[in-house]
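Colleague: I'll drop the sequence and a predicted model, then ask my questions.
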Amino acid sequence: MSKNKIGVALGSDVIAKLDEIIELSADLKMTRSDIINAILKAFFASKVSHIEKGREIVIRCRKGLL
């Protein structure tokens, strides 16, 4: 599978969490991209309605509930 680079803006709180995962998993030599890609792959592999769940998550973020 080929990979394409895209620009993504992340909040500093999210970046801090990603960096914490990287630090605690030094043996895997992960990058932020590795973690984000894995999370998105898991999301799209789930049996939920991706459109509905994606909308729900964005709405919750915008309301400050996440």
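Modeller: Sure, I can see it.

Colleague: For the rest of this, base every contact and every neighbour count on C-alpha atoms.
Modeller: Will do.

Colleague: just for this protein, where's the confidence low?
Modeller: Under the criterion pLDDT under 70, no range of the chain is flagged.

Colleague: What ranges does it have for its helices?
Modeller: Ranges of helices within the chain are 12-24, 32-45, 50-62, based on DSSP state H.

Colleague: To Met1, which of these lies closest?
Modeller: helix 32-45 (12.5 Å; Cα to Cα).

Colleague: by contact count, what packs against that closest one?
Modeller: helix 12-24 (3 or more Cα pairs under 8 Å, 6 or more residues apart in numbering; DSSP states H and E).

Colleague: what about the helix it packs on, distance to the chain center?
Modeller: 11 Å (Cα atoms, centre = their mean, to the nearest Å).

Colleague: buried residues in that helix?
Modeller: Going by neighbour count (16 or more other Cα atoms under 10 Å), the buried part of helix 12-24 is 18-19, 22.

Colleague: Out of the residues you listed, which is nearest to Val58?
Modeller: Leu18 (19.1 Å).

Colleague: Just give the nearest non-adjacent residue to that closest one, would you?
Modeller: Distances taken as Cα to Cα, 6 or more residues apart in numbering put Arg32 closest to Leu18, at 6.1 Å, once the chain neighbours are dropped.
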